[in-house]
Every structure is written in structure tokens, then in C-alpha cells.
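Novice: requesting a structural model of the entry that follows:
(one chain, ligands or ions: 1)
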Amino acid sequence: MKRPRLGILISGRGSNMLAFIDACARGELDADIAVVLSNKPGAGGLEKAAAAGIPTACIDHRDYASREAFDAALVGELERHDIDAVVLAGFMRILTPVFIEPFYGRLFNIHPSLLPKYPGLNTHQRALDAGDAEAGVTVHFVTPELDGGPPVLQARVPVLAGDSAETLAARVLEQEHLIYPLAIRWFLEGRLQLRGDGACLDGEPLPPTGIDFCAQPR
Ligand code: GRF
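Specialist: Numbers count the residues shown, from 1 in each chain. Alright, predicted model coming up:
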């Protein structure tokens, strides 16, 4: 059987992308990373992917007259690489239905908050400002609603006295690197699906906030 092919979209340093590269190298994820795409020419993750021998491409959104034209170029590049699932990993562009529809049900994002709390930007500072006792991260299916697609997996971390947005982000990021490859593994194993408006694992609808990673048997 053909090995599943992942396309990873980044805009920055690409630490989640590296977690996928490592998971594939360790055999925890039975997939090939077929291409890493960035909308930013200087994204640090591009060099890291190339160093790992993974094909990269940059499609600069500033070269396109509209979001839809940019999205169509992304779709074309991913289709050229015969992608089975798309992993948004710190990809900082809002996507239109031109992109979302062709990959609907096999398109994932990771968002650094306990969705539905804090969609959008500055999630860690917002959690601190609200005095939250815990923060976290969510892997979710992507739908046209920004950060609003059905959650698959969440990991929680404590907010500690003296935390800054940076220290909290670092604690959350460690969890990101664990839960994102795991969620994609479930998908590639055929266990995880987007059905109607909800996510299902092993045929069972998931709770509205997804599976609690911290409660998972290790
Ligand atoms: C992560 O915090 C992710 O949750 C958010 O953007 C950041 C990307 O970091 N969507 P990296 O580029 O994967 O290191």
C-alpha cells in the first residue's frame, strides 16, 4: 500500500514540523512528509526541512492579488505532491473555501489555547490576563470558521505564578509536539474522521473539546 503523504504548511520556525519529521524518523508516524510549504520566504522552518531532505516550496502571499488566488496556488502545489493530509503548523494566513474545500476532512490545525477559548492571536497573554489556572493547546479539523473546526485532541498545562506569555508558550509547545503527530497518526490509521459537523474516533463522536490528552493511557 502507498505510504500516506503529508503536506505541512508553516510560516515560522517550524518546531511542530520538526516534531513530525522526528515522529516519521522514529517510525511513530507511518507517513512521508512530501512537501513543506511556507508563505514566508524567510521562514526558519524551510531550512530545517531542507536539511532533513524534505522538498520545500515558498508561495509568497504578497505575489497574489487575492486570498483566493493565493489559496489556489497552495492547492495546486499540494496536489502536485499528491497529498493525503494537510497539516497547518504555525501557518499564519487565513484560508478561504478555495483551499479548505479540496482538503475538507483531511485538513488539520494546531491552536495554542483550550478551544473554544481564545481563537485568534495572543492566546497565552489572554489566558494570563484572564487569570486562568490552566492553558493548553488544541488540534482540530479545519472548517471555514477560524479556529472553529471540531477539536480532536487537547493538552492542558498549569499556569504557574510568575508566568509570562513566553514561559507559558514554552510549556504549551512541549505538549504541541506530542499531541499533533498523535492526532495525525489516528487519522492516517483510519480511526479519526470528520463526520457532519463533528469529529469521530473509532466511530464514536468526540466531546466538543476533543480528547483530553492528559487522561490518555501512555
Ligand atoms: C505554535 O504555537 C502553534 O500552536 C501555533 O503557531 C506556533 C507555531 O510554532 N499555531 P512552530 O512554528 O511550529 O514552532
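
Novice: going forward, measure contacts between C-alpha atoms and count neighbours the same way
Specialist: Will do.

Novice: buried set for the strand or helix carrying residue 72?
Specialist: Assigned by DSSP states H and E, residue 72 belongs to helix 67-80. By neighbour count with 16 or more other C-alpha atoms under 10 Å, helix 67-80 contains the buried residues 67, 69, 70, 71, 72, 73, 74, 75, 77, 78.

Novice: isn't the fifth one right up against residue 97?
Specialist: No - checked against C-alpha atoms under 8 Å, the pair residue 72 and residue 97 is beyond contact range at 9.9 Å.

Novice: roughly how far does the spatially closest residue to residue 30 that is not a sequence neighbour sit from residue 182?
Specialist: Leaving aside its sequence neighbours, residue 30 sits nearest to residue 24 (C-alpha to C-alpha, 6 or more residues apart in numbering; 6.2 Å). For residue 24, the distance to residue 182 (C-alpha to C-alpha, to the nearest Å) stands at 11 Å.

Novice: the more surrounded of these two?
Specialist: residue 182 (19 against 16; other C-alpha atoms under 10 Å).

Novice: past the helix holding residue 72, which element shows up next along the chain?
Specialist: strand 85-88.

Novice: that next one near the ligand anywhere?
Specialist: No - against the ligand, strand 85-88 shows no contacts by C-alpha under 6 Å from any ligand atom, the least distance being 7.5 Å.

Novice: that strand - contacts with which helices or strands?
Specialist: Strand 85-88 sits against strand 5-10, strand 107-111, with contacts defined as 3 or more C-alpha pairs under 8 Å, 6 or more residues apart in numbering; DSSP states H and E.

Novice: what's the closest of those strands to residue 46?
Specialist: Closest to residue 46 of the helices and strands packed on strand 85-88 is strand 5-10 (C-alpha to C-alpha; 8.2 Å).

Novice: partner strands of the closest one and their direction?
Specialist: Counting by DSSP bridges, the strands paired with strand 5-10 are strand 32-38 (parallel), strand 85-88 (parallel).

Novice: what residue is smack in the middle of the chain?
Specialist: Nearest to the geometric centre of the chain sits residue 109, at 3.0 Å (C-alpha atoms, centre = their mean).

Novice: could I get the average pLDDT for stretch 182-193?
Specialist: Stretch 182-193 comes out with an average pLDDT of 98.
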